[in-house]
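Enquirer: with the input below, show me the fold.
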Amino acid sequence: MKTDIFVNVTTTDLERSKAFYSALGCEINPLFTDDNAACIVWNEHIYFMVLTHEHFTGFIDKPLADPRTATQVILALSRESRGEVDSILVDGLAAGGREPREATDYGFMYSRTLEDPDGNILEFLYMDPVASDEGPTAWES
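Expert: Predicted coordinates for the structure are as follows:
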C-alpha cells in the first residue's frame, strides 16, 4: 500500500513560509499552491500544506492554537547524517527559524529542533542504521 503524508500547518505570512521551506531545500508544488495555501514538497511521499489561519480554520471545529505559545505536535524528519542535521539547521536559522534548545545526542541518535517563523516545531534527526534496524541496545554492543 502506497502512503503519502500530508501535514497541515498554519502561517500568518504565506510568502515568508514559502521562502523558509524553500531555504530548507523543499520545493513548492504550484498545482496546489494559491493565496490561501502552499504545498511544500519534502520528498515524493511527504508534503506540508502551509495554510493561512483563515483557510486552516475552515477545516476545524475547535479553536486554532497559536504555535508560538502552544505545542500540539512535533514534526520529526530524518536526515542521512549528523552533518545533514546540522546543515539544515544552519539553513533554517538563516531563513528566520529559531532553535529553541540545544542538540540532543544519545550516541545512536542525534537531533536538533527548529521552529519555523510561525512557531511550528520541526525536529531533524539522524539515527545510526544499526540502532534503527535493531534498537538502541544493539548499537551499544
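Enquirer: contacts and neighbour counts: CA atoms only from here.
Expert: OK.
Enquirer: quick check, central residue of this protein?
Expert: Closest to where the C-alpha atoms of the chain average out (Cα atoms, centre = their mean) is Leu122, at 3.8 Å.
Enquirer: for Leu14, see how far away it is.
Expert: 17 Å (Cα to Cα, to the nearest Å).
Enquirer: could you report the separation of Phe124 from Val90?
Expert: 12 Å.
Enquirer: who has more neighbours out of those two?
Expert: Higher neighbour count among Phe124 and Val90: Phe124, with 22 against 16, using other Cα atoms under 10 Å.
Enquirer: show me what the one helix or strand that one maps to is packed against.
Expert: Using DSSP states H and E, Phe124 sits in strand 121-127. Applying 3 or more Cα pairs under 8 Å, 6 or more residues apart in numbering; DSSP states H and E, we find strand 121-127 packed against strand 74-78, helix 82-94, strand 109-115.
Enquirer: which residues sit against the shortest one?
Expert: Spelled out, that is strand 74-78. For strand 74-78, contacts defined as Cα atoms under 8 Å, 6 or more residues apart in numbering pick out 120-127.
Enquirer: could you give the number of residues near Met109?
Expert: Met109 has 17 neighbours, counted by other Cα under 10 Å.
Enquirer: which non-adjacent residue is nearest it?
Expert: Met127 (4.3 Å; Cα to Cα, 6 or more residues apart in numbering).
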